[in-house]
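In: I need the structure of the sequence given here:
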Amino acid sequence: MRPRSSRRATKLGLAALVSFSLVAAACGSSDGDSSDAGGGSTESSDSGTDDSVAPTDTEAPVVSEGQIDEETVDPVGDPVAGGTLRYGVRSDPDGLNPTSSALDPAGLMMSHAVFDTVAAYDTDDQPVPFLAESIEAVDGDLTKWQVKVREGVTFHDGTPLDAAALQVNFEAAKADGLVGLAVRPFHPEEGATEIIDELTLQYNLLEPSATFPAKLASQVGLVASPAWLAAAAEDPTLNQQPVGTGPFKFESRSADSVTRFVRNDDWWGGEVYLDAVEFVVVTDTETRTDLLFSGDLQAMHTLSPTSVDELTNADDIQNIVDETGEENFLMLNSEVAPFNDLRARQALTFATPLENYRALIGLGLARPADQMFIPESIYYNPDVTQEGDMPELVAALVADYCAERGAEENPILGTPACTDGKINMEYQIAAPSVVNDRTADLLDQGWKEFFNVTFDRPPNDQSISDSIIGQYNVVSWNQLGEVEPSIDRVYLICSSIGAISLNFPRYCSEARDASINEALASTEREDRVPAWQSVVQDMHDSYTYVFLDHIKWDNAFAENVHGMCDHTTPEGTPLRCTTRGGTWVSSVWLSE
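Out: A predicted model of the protein is given here:
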């Protein structure tokens, strides 16, 4: 164990040295942290699942981690009010408007302070009503869902929460150029929602979905004041000054620096203890970790393997560790040469030096990934293993490809697909940094015998844009981390492919679509297992992803921070403690 004092002695004055810089965010973004490894972008309870969500199941095993390490927590008595929590985060979102902003883990955590979601995940990873009083399917084929919101809830500006407010939020998200990409494929163009009565809104789907309530626990479920949304549409600067129903109210925001929220004394969800919470942007993980040890921060999140290892081995830091979220992987664009040919995709996969990556970049601390599920997940497919370190299989594939298609143009490079018997390709290093450059060099050691690799180093936001419009060959990425996997289907299905696409590899598999639809139609979680295992197999067989490792998120807290996992619904149902690098702050309190 490494105590805080040993760090403090060697890191005097760090607070004065902190500099803040923007890392652009997206639904699944490349990693811009200069010391976070990886590439490119939830406890058991007796209360079970709230009966007001239908259909549901409560028998599936708990898949998530993310409970506080009880060995590091000392009981200190009842909660007390007061104090400011300074929470170090790794990036700053472009705005805090849930209907239009690209919210990464830091942006979502800020948003959960000021907004509430219609639903939230319980400790069995099932969506339960939160801002809603009930969420119910109202027809036999699961294409119509009615949400009744709680009576008497108001936004921070005094606007009442009602069905009309839900409708305004949903329609704004659906119409947005970016957020709408995750909404429009699943709802009719007209009549996507219907107001049933003052408090009840009906959502109409194009296809049956037993898991629709989970969507309302995601960004689409964050509910903003309709009056504020209208004002922000006229004045986009207001996207930086969010108005919700949440436990904290917006006070101030300095881009790439500090966003401050103060307690909402009238929060409908119960008592809020902190006077304020400040989200402090510190893009460098090492600096962020040092600031926690020195006491300049009381909380932080990180996915850096070395930082997670150091924090979890410190004897005066509390840790909420979760590795059920995103995976690090390489992503191949199957729409253009050379990777519009299976042989080229297989060749790159087989040539990838997985063992060296995991040892030298993951440092043996990050768990190797074969697919989008960890082995503890009920959806894990034990028959799928990520291939790599197989150079003996590459030469024949490259020779066949170049002989047949080598004269075709690689439109990303503007060169022939092959030169001198090697495949020409571009590897995009999103958010250039020491670790990302080191990763590129390591990968090229495995590739260069068979590929002529050109390296592109765009800023993170440009890399995201390039991926959305298909202007890349290979890019490093992290994604596929939703608690309910069907929420991630927008990245996997054929209908997401277009001029602007969230199916970034632009690979269409009708068999994969059929398996996803089969999973969506199953009301019991166990019944979805074969379908998701088929999806995993199909992803493997497409050779559009090379999985590297599972991201391990750590939300770390000083000894005087308490209540991080005490968030519940008004009915008392315990909620999942952490999701994709974020935690709740509504129940947090500080001791002396």
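
In: the helices in the stretch 301-450 of the chain, which residues?
Out: Using DSSP state H, counting those that start in this stretch, the helices of the stretch 301-450 of the chain run over 305-312, 342-351, 354-360, 394-405, 434-447.

In: closest to A164 out of the ones you listed?
Out: Closest approach to A164 among the helices of the stretch 301-450 of the chain (Cβ to Cβ): helix 305-312, 44.3 Å. C-betas here are computed from N, CA, C, even on glycine.

In: packing partners of the closest one?
Out: The helices and strands touching helix 305-312, judged by 3 or more Cβ pairs under 8 Å, 6 or more residues apart in numbering; DSSP states H and E, are helix 285-294, strand 317-322, strand 553-558.

In: okay if I get these as JSON lines plus distance to F350, mean pLDDT and mean neighbour count?
Out: Formatted as JSON lines, these follow (distance: least, Cβ to Cβ, whole Å; pLDDT from 0 to 100; neighbours: other Cβ atoms under 10 Å):
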{"stretch": "helix 285-294", "distance to F350": "32", "mean pLDDT": "96", "mean neighbour count": "23"}
{"stretch": "strand 317-322", "distance to F350": "32", "mean pLDDT": "96", "mean neighbour count": "22"}
{"stretch": "strand 553-558", "distance to F350": "31", "mean pLDDT": "97", "mean neighbour count": "24"}
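
In: can you tell me the SS state at L108?
Out: Remark: L108 carries the secondary structure label helix [criterion: DSSP: H, G, I helix; E, B strand; the rest coil].

In: picking up where we left off before, now for the helices of the stretch 301-450 of the chain, which one comes closest to N473?
Out: In terms of Cβ to Cβ, the element of the helices of the stretch 301-450 of the chain nearest to N473 is helix 342-351, at 9.3 Å.

In: the inter-axis angle of that closest one versus helix 434-447?
Out: 110 degrees (axes from the mean of the first three to the mean of the last three Cα atoms, to 10 degrees).

In: mind checking how far helix 342-351 is from the chain centre?
Out: 28 Å (Cα atoms, centre = their mean, to the nearest Å).

In: may I see the buried residues of that helix?
Out: Across helix 342-351, burial judged by 16 or more other Cβ atoms under 10 Å covers 343-351.

In: that one - what's its average pLDDT?
Out: Averaging the model's pLDDT scores along helix 342-351 yields 98.

In: how about residues contacting that helix?
Out: For helix 342-351, the surrounding residues in contact (Cβ atoms under 8 Å, 6 or more residues apart in numbering) are 330, 332, 334, 337-339, 387-388, 390-391, 393-394, 397-398, 400-401, 417, 423, 425, 446-447, 449-451, 474, 542-544, 546.

In: buried ones only from those, please, as a ChimeraX command.
Out: The buried residues among the contacts of helix 342-351 can be selected in ChimeraX (16+ other Cβ under 10 Å) with this line:
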select :330,332,334,337,338,339,387,388,391,394,397,398,401,417,423,425,446,447,450,451,474,542,543,544,546
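
In: so which of the contacts of helix 342-351 are in strands?
Out: Using DSSP state E to define strands, the subset of the contacts of helix 342-351 located there is 330, 332, 423, 425, 451, 474, 546.

In: just to revisit the earlier point, so which of the helices and strands packed on helix 305-312 gets nearest D309?
Out: Across the helices and strands packed on helix 305-312, D309 has its closest neighbour in strand 553-558 (9.2 Å, Cβ to Cβ).

In: quick one: that closest one to chain centroid distance?
Out: 17 Å.

In: direction included, what does the next helix or strand after it pair against?
Out: Reading on from strand 553-558 to the C-terminus, the next helix or strand found by DSSP states H and E is strand 561-562. Sheet partners assigned to strand 561-562 using DSSP bridges are listed as strand 589-590 (antiparallel).

In: how much space between E335 and N473?
Out: Here E335 is placed at a distance of 10 Å from N473 (Cβ to Cβ, to the nearest Å).

In: these two: which is more packed in?
Out: Comparing E335 with N473 by neighbour count (other Cβ atoms under 10 Å), the higher total belongs to N473, at 27 against 16.

In: tell me who's in contact with the more buried one.
Out: Taking Cβ under 8 Å, 6+ apart as the definition of contact, the neighbours of N473 are 332-333, 336, 338-339, 410, 412-413, 425-428.

In: how does it look with 6 Å?
Out: N473 makes contacts with 333, 412, 425-426, as judged by Cβ atoms under 6 Å, 6 or more residues apart in numbering.

In: next, format these as a markdown table and append distance to N381 and pLDDT.
Out: Conversion of the contacts of N473 to a markdown table gives the following (distance: Cβ to Cβ, whole Å; pLDDT from 0 to 100):
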| residue | distance to N381 | pLDDT |
| --- | --- | --- |
| N333 | 25 | 98 |
| I412 | 32 | 97 |
| M425 | 29 | 98 |
| E426 | 31 | 98 |
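
In: returning to what we had before: ok, which of the helices of the stretch 301-450 of the chain comes nearest H112?
Out: helix 305-312 (21.9 Å).

In: tell me the average confidence for the closest one?
Out: Mean per-residue pLDDT for helix 305-312: 94.

In: got it, and stretch 163-176?
Out: Taken as a whole, stretch 163-176 has a mean pLDDT of 97.

In: what residues of it count as buried?
Out: By 16+ other Cβ under 10 Å, the buried positions in stretch 163-176 come out as 163, 165-174, 176.

In: in JSON lines: the residues you listed, plus secondary structure.
Out: Compiled in JSON lines, these are given as follows (three-state DSSP):
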{"residue": "A163", "secondary structure": "helix"}
{"residue": "A165", "secondary structure": "helix"}
{"residue": "L166", "secondary structure": "helix"}
{"residue": "Q167", "secondary structure": "helix"}
{"residue": "V168", "secondary structure": "helix"}
{"residue": "N169", "secondary structure": "helix"}
{"residue": "F170", "secondary structure": "helix"}
{"residue": "E171", "secondary structure": "helix"}
{"residue": "A172", "secondary structure": "helix"}
{"residue": "A173", "secondary structure": "helix"}
{"residue": "K174", "secondary structure": "helix"}
{"residue": "D176", "secondary structure": "coil"}
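
In: that concludes my questions; thank you for your assistance.
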